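Peer 1: dropping the sequence and predicted coords here.
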Amino acid sequence: MLPLPAFSDNYIWMLHDARHALVVDPGDAAPVLQALRDMGLSLQAILVTHHHGDHVGGVNALREATGAAVCGPAGETMPAPLKRLRQGDAVTALGLRFAVIDVPGHTAGHIAYYCPDMDGTPLLFCGDTLFSGGCGRLFEGTPAQMQASLDALAALPGDTRVCCAHEYTLSNLKFARAVEPGNQDLLKYLAQCESLRQAGRPTLPSRMATERAINPFLRTRETGVAQAARGFDAHVNPREAASVLAALRQWKNEFR
C-alpha cells in the first residue's frame, strides 16, 4: 500500500500484488504512470470517491494508457465510462472486496470504499470525508449529512487503516488541540505526527481507534467538545451532534 504524492498535499493511494495494481482518486496521471513503470505493474482498477478535479483529473489518461476499469459514485458527474456505485454495492479488485459506503457531506454523492480484511486488518479509502484529526469542508452537503457519514465511518473496527486523500494532519491537529487542549491522546499523537513529517514521511494511514480518540469531528457528543463549540458559537445546541459539527466546521474554516 503506497501513498503516491500529488500536487501540494494529495495522496493517490496504490495497492498492488507485485503484478497488478489499483489506485484511488488519481487527480494526476503522472505519478501513477511513473510508479507503474518503476515497479513493473499493470493497472487493473481505478476507484474514485468524488468528483473534484484533484481526485479525477488523471482518470481519463490512465484509462487510455492502461485500459483499467473505473469505478465511482453513482450520484456525481464523473469521467465516463465507469461502473457507478452506491451504498450496498461492492467492487472486487486484486482479489479484494470493497464495500461501498455513502458518505455525503463534502460533496453530495461522495462514497468510501471499505475492505474488511487486507493482510489481516481492515482498510478504508475515505477520500475527503474524513481526515486524520479533521473532516472535509461542506461544499455540497449539510452538517447533518456529514455527521451521519462520520458516524458510519467511526463505527468501523478500531484497527481499520484510514487512508485519507490529503496530508492535512498537522494543521488539523493544531485545531483539534484548540478544541480539546487537555486531550492527552491528542498530544501524544501530535508528537508522533510531527516526528513523521520532520522525517519526510506521511502521517497516513491513521487508525480508526486513533481518530475516535483525537478527532473533534468524531467527538461531537463529548461534553468538552460540545462546550468548546458553544464557546465559538453561542447558538450551538450541545445535545445535537450535527449542531456541534456545524460550529466546529465553521470554526475550522476560520482557524489560523
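Peer 2: Ah, there it is. Numbering: from 1, shown residues only.
Peer 1: residue boundaries of the strands in the chain?
Peer 2: 2-6, 10-16, 20-24, 42-47, 69-73, 83-85, 90-93, 96-102, 111-118, 121-127, 130-131, 134-135, 161-164, 206-207 (DSSP state E).
Peer 1: what strands line up against the last one, and which way round?
Peer 2: Partners of strand 206-207 in the sheet, by DSSP bridges, are strand 161-164 (antiparallel).
Peer 1: before we move on, what about the third one?
Peer 2: Taking DSSP bridges as the criterion, strand 20-24 forms sheet pairs with strand 10-16 (antiparallel), strand 42-47 (parallel).
Peer 1: just to revisit the earlier point, next, format the strands of the chain as a markdown table and append mean neighbour count, distance to residue 33 and mean pLDDT.
Peer 2: Every C-beta, even on glycine, is put in place using the N, C-alpha and C of the backbone. Below are the strands of the chain laid out as a markdown table (neighbours: other C-beta atoms under 10 Å; distance: least, C-beta to C-beta, whole Å; pLDDT from 0 to 100):
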| stretch | mean neighbour count | distance to residue 33 | mean pLDDT |
| --- | --- | --- | --- |
| strand 2-6 | 17 | 10 | 98 |
| strand 10-16 | 22 | 11 | 98 |
| strand 20-24 | 24 | 10 | 98 |
| strand 42-47 | 22 | 9 | 98 |
| strand 69-73 | 23 | 16 | 98 |
| strand 83-85 | 18 | 22 | 98 |
| strand 90-93 | 15 | 18 | 97 |
| strand 96-102 | 19 | 22 | 98 |
| strand 111-118 | 21 | 22 | 97 |
| strand 121-127 | 23 | 20 | 98 |
| strand 130-131 | 28 | 27 | 98 |
| strand 134-135 | 26 | 30 | 98 |
| strand 161-164 | 24 | 21 | 98 |
| strand 206-207 | 20 | 28 | 98 |
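Peer 1: possible to save those as CSV with distance to residue 232?
Peer 2: Converted to CSV, the strands of the chain look like this (distance: least, C-beta to C-beta, whole Å):
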stretch, distance to residue 232
strand 2-6, 32
strand 10-16, 29
strand 20-24, 34
strand 42-47, 36
strand 69-73, 32
strand 83-85, 37
strand 90-93, 40
strand 96-102, 29
strand 111-118, 28
strand 121-127, 25
strand 130-131, 20
strand 134-135, 15
strand 161-164, 24
strand 206-207, 25
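Peer 1: quick check: which of those is nearest to residue 55?
Peer 2: Smallest distance to residue 55 across the strands of the chain (C-beta to C-beta): 6.7 Å, for strand 121-127.
Peer 1: for the stretch 151-256 of the chain, what are the low-confidence residue spans?
Peer 2: Along the stretch 151-256 of the chain, no part satisfies pLDDT under 70.
Peer 1: so where do the helices sit in it?
Peer 2: Ranges of helices in the stretch 151-256 of the chain, per DSSP state H, counting those that start in this stretch, are 169-179, 184-198, 208-214, 223-232, 241-254.
Peer 1: out of the ones you listed, which gets nearest to residue 119?
Peer 2: Proximity to residue 119 (C-beta to C-beta) singles out helix 208-214 among the helices of the stretch 151-256 of the chain, at 16.5 Å.
Peer 1: chain center to that closest one, what's the gap?
Peer 2: Offset of helix 208-214 from its chain centre (C-alpha atoms, centre = their mean, to the nearest Å): 14 Å.
Peer 1: one more: stretch 120-127?
Peer 2: With C-alpha atoms, centre = their mean, you get 10 Å for stretch 120-127.
Peer 1: show me what contacts the closest residue to residue 102 other than its chain neighbours?
Peer 2: Distances taken as C-beta to C-beta, 6 or more residues apart in numbering place residue 87 nearest to residue 102, at 4.0 Å, with adjacent residues excluded. Residue 87 makes contact with 100, 101, 102, 111, according to C-beta atoms under 8 Å, 6 or more residues apart in numbering.
Peer 1: got it, and residue 28?
Peer 2: Neighbouring residues of residue 28 by C-beta under 8 Å, 6+ apart: 6, 7, 10, 12, 57, 58.
Peer 1: could you measure from it over to residue 57?
Peer 2: When distance is defined by C-beta to C-beta, to the nearest Å, residue 28 is 6 Å away from residue 57.
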